[in-house]
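*Asks:* Give me coordinates for this.
(2 chains)
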Amino acid sequence: MQNPYLPHTEAEITEMLKEIGVSSVSEIYEKAIGKASDIELKIPESICEYDLLRNFRELSEKNVNFQEYAIYLGAGVYNHFIPSAVFELASRGEFLTAYTPYQPEVSQGTLQALFEYQTMICELTKMDVANSSMYDGASALAEAVIMANNINGKSEILISKAIHPEYIEVVKTYSRGKKLNIVEFEFDNETGRVNLDDLKSKLSANTSCVAVQYPNFFGIIENLKEIRNVIPENVIYIVTTNPISLGILEPPGSFGADIVVGEGQVLGNPGFFGGPGFGFFATREKYLRRMPGRLIGQTVDSEGKRGFVMTLQTREQHIRRARATSNICSNHAHNAVMGAIYMSLLGKKGIKEVANLSLQKAHYLAEKLDKLEHFHLKFSGPFFHEFVLETDLDWSEINQYLIEQKIIGPLELSRFYKEMKQSALFCVTEMNRREDIEFLIGRLGAVFNEINI
Amino acid sequence: MKLIFEKSVSGRTGYSLPDLDVPQKPLSEMIPKGLIRKEEPNLPEVYEAEVVRHYTNLSRLNHSVDVGFYPLGSCTMKYNPKINERISKFDGFMYIHPYQNEKTVQGALELMYNLQNLLCEITGMDHMTLQPSAGAHGEFTGMSIIKKYHEDRGEYERRKVLIPDSAHGTNPASASMCGFEVVEIKSTKEGLVDLEELKKNLDEKTAAIMLTNPNTLGLYEREIEKIAKMAHDSGALLYYDGANLNAILGKIRPGDMGFDVVHLNLHKTFSTPHGMGGPGSGPVGVKSFLKDYLPIPVVEQDQNGLYYFNYDLPKTIGRVRSFYGNFGVLIKAYAYILFIGKEGLKEVAELAVLNANYLRKKMSRFLKIASDLVCMHEFVVDGSELKKYGVKTLDVAKRLLDYGFHPPTIYFPLIVSEAMMIEPTETETKETLDKFAETVEKILEEAREDPEILKNAPYTTYVKRLNEVLAVKQPILRWQKGENVKYTDL
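*Replies:* All right, here's what the predicted structure looks like:
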């Protein structure tokens, strides 16, 4: 089969070998490796582009997708509308096939777009500085915890149990190298908010940081001010947040957060089975030099014209090697630029509108479901666009029934919390239309009879 | 160019959202008073066409693989096939949720399962995780596995990791993040691992040796099997940085060389686009004795042919990120392998090596090559002789921009002075390589005639040489209304 990615003709290969002074490529390998090299891989033969397309379409159709099904799953990946311009612009080869902007003179597109992105993250979170992206929300949180340890040298990490359980797992993995001690504090079973008394009781002279999620994993809006008030000044206050929610919620920067991180997928990136989205990372100016990741800064060229460069690189692995603030090199720049394009299109009004639509519809659904027989809301605390519903029925049976109705149902919380077998986490965004919501309410109203036939 | 914020006009919008179709409730009934946002974020107010023009015009300021030659050493800037982009955008891939019931995402799981197996076959490893998001993330994962392995055997004193001085900066940084102490091993004059140095430092406190093979000079470590034996005899493990796997695809496998842990860069070797610095994907392969340490979950298949996530790895290091990895990137790498097939993989390696040796030969006529040994997929120029013209490697790099070329990786590896690291990849034509060599030679002539030409380069780019010192001295890391004006070109 022809390989359209390779240009070499037989004649050219011959000519090139002659120039090198060898008779075959195998000879180069022999000279370089010191022995003959060739193995027979158990890998299929090549196929043509048309067959590839057909095979992959078939493969993709084995998945149930939420363009065709209604979805009420959130828990870290959310279904928001992505304007067509985001995909079209992000697909440009000049963005997609460029590398890290090591040569700023021919990378101003990347650099300016990321500078704009950094600004937008600062605006949303009300923080001083943001880097140009991390892998995802979970690793961003883990890096924040490590940064806190670098700042104050203390080793006890207080982390809310109402943070996404997978994020906590990642924090634990990252903490092992630095021998940090992870201490989880409880949430209140009535409100769903962090239990301040438990937090207070666990603070010690060795506490490095306190990390909470806003809104938390259960959708509950934490009172960031009250939490800050119980944390001593020298303890780093880390908040992981949903940037869409900040269209309507007072940002963590207003409540004295020291590091604000989160998952940026909601900003113009599709779900993609969980990745790639991007992590964002923002902090206060005084901690700038402790930050992980690439930073884009403004400067001037030799003629005084504004331009952008990667800056403060002495923090990074390629310069400081074993003493770098982090090992991160490749990040999720392309996803961050998709985020910047999304935020440009949405603007200050649009972000607020997406947040409000999600909030209103989630509350509408929650109130209706709370009134159904067999169902009630678990927590009394204020929530954004996710809520926990309890039932005396079996959630896995309910979800099985819903998928037959072309509905991807809520997250069964038993996945993460043994004691929450009767609970499931619902999410609603602007993408859930009223008629679909009413249909879901109808189905859940009938579900007892349906699954007990 | 103006920033998008500087194009903002109050009241303009660029979006269209569904209507609110449920009864509106006042915010104060849903959110406590102090938690409702008081001040709007200062995001730009622009309409759609403005956004499209803005980002289109920005994109045009970038060099990219789609625009031209991009011979960045160690980065494998090969062509990124368009079919992979198209495939990755199918609804059944793009719009699936990580917490859907496994029965409803069998296609995705099948893809991951098959990709794991293909990558095992290509590298000669037994098990593979697709979770890490990038090369450095893979290193962190792999070194965490090695740490846990030693600790589980009670060998807590194995805290030392040996890394050649030619290694990527991520190697020592990743090892150090895992809590290891890094010992740098000097290379030989030829640019290979110095076995004597290695032997001196290898002891019962050594946890691992991290190597790239071929190494960052593009040289194959011929003594690799001996090194593997030395490591294993002393109880240490051997870690493979897959940055340079492109040179040996289908020719020789890290698993067969004796490596215990391997990370790959799907965005280098397997053609997924670099996206301005990411997203990448850094799968990690291990030999069977390390399987239980892999991050959870891994994809497996049951007797009925159903694919599922296995969370039951008793010794797992845990998770290194949320969900399962950069699935969107995995699709593209899988498509690439299936498209070019078994023979294609081998052809990729051979032509990458042919291109590098051809260009090396041409450039050796007017520049000093850092090592006399036959190179593989890349080679390094020693630019110390440029001094005699009064210029530096940086000046040559900047001048290359004027001729439409992206410069090679410069000042790396650190063991070569004024280094220029060149990796043409297999997807470049002979004409391009000829033109590149010719251009570098011409630039050297320019340097001989008038070094100032180089020192002031580039001339044709959108901005001239940028003041990086100023950017560090007075960091401006965001736009603020009215404050960035003094430097603008409005």
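*Asks:* Hmm, residue B:286 is touching residue B:294, no?
*Replies:* Yes - taking CB atoms under 8 Å as the contact criterion, residue B:286 and residue B:294 are neighbours in contact, 6.5 Å apart. Placement of C-beta: from N, CA and C, glycine included.
*Asks:* more crowded one of these two?
*Replies:* More crowded of residue B:286 and residue B:294, by other CB atoms under 10 Å in any protein chain shown: residue B:286, with 27 against 22.
*Asks:* Mind checking what helix or strand follows the helix or strand that contains residue B:58 in sequence?
*Replies:* Of the helices and strands defined by DSSP states H and E, residue B:58 is found in helix B:48-59. Counting by DSSP H and E, the next helix or strand C-terminal to helix B:48-59 is helix B:82-88.
*Asks:* any residues touching that next one, and which ones?
*Replies:* For helix B:82-88, contacts defined as CB atoms under 8 Å, 6 or more residues apart in numbering or on different chains pick out A:49, A:52-53, A:56, A:60, A:91, A:96, B:93-94, B:271-273, B:328, B:331-332, B:335-336, B:339.
*Asks:* where does chain B dip in pLDDT?
*Replies:* Counting by pLDDT under 70, chain B shows low-confidence ranges at B:483-490.
*Asks:* Please, where are all the helices along it?
*Replies:* Here chain B has its helices, by DSSP state H, at B:48-59, B:82-88, B:91-94, B:106-123, B:135-152, B:170-177, B:195-201, B:224-233, B:254-257, B:327-363, B:393-402, B:430-449, B:451-455, B:468-473.
*Asks:* can you give me the angle the fourth one makes with helix B:327-363?
*Replies:* Going by axes from the mean of the first three to the mean of the last three CA atoms, to 10 degrees, helix B:106-123 is angled at 30 degrees with respect to helix B:327-363.
*Asks:* ok now do the residue nearest to residue B:18 when sequence neighbours are not counted, which residues does it touch?
*Replies:* Of all residues not flanking residue B:18 in the chain, residue A:430 sits nearest, at 5.3 Å (CB to CB, 6 or more residues apart in numbering or on different chains). Counting by CB under 8 Å, 6+ apart, residue A:430 touches A:80, A:81, A:354, A:357, A:358, A:361, B:17, B:18.
*Asks:* and residue A:430, that's in a helix?
*Replies:* No - per DSSP: H, G, I helix; E, B strand; the rest coil, residue A:430 lies outside any helix segment and is coil.
*Asks:* residue contacts, the spatially most central residue of chain B?
*Replies:* Nearest residue to the geometric centre of chain B (CA atoms, centre = their mean): residue B:135, 5.5 Å. Contacts of residue B:135 were listed using CB under 8 Å, 6+ apart, and they are A:329, A:330, B:170, B:241, B:242, B:243, B:263, B:265, B:268, B:280, B:282.
*Asks:* Now do it against residue B:39, distance only.
*Replies:* As judged by CB to CB, to the nearest Å, residue B:135 and residue B:39 stand 41 Å apart.
*Asks:* domains in chain A, as residue ranges please.
*Replies:* Listed by automatic domain parsing, the domain ranges of chain A are A:8-43, A:70-81+A:348-451, A:84-343.
*Asks:* Least confident secondary structure element in chain A?
*Replies:* helix A:317-320 (a mean of 86; mean pLDDT, DSSP states H and E).
*Asks:* ok so, going back, shared neighbours, residue B:286 and residue B:294?
*Replies:* Joint contacts of residue B:286 and residue B:294 (CB under 8 Å, 6+ apart) are B:127, B:145.
*Asks:* now, which of the contacts of residue A:430 lie within helices?
*Replies:* A:354, A:357, A:358, A:361.
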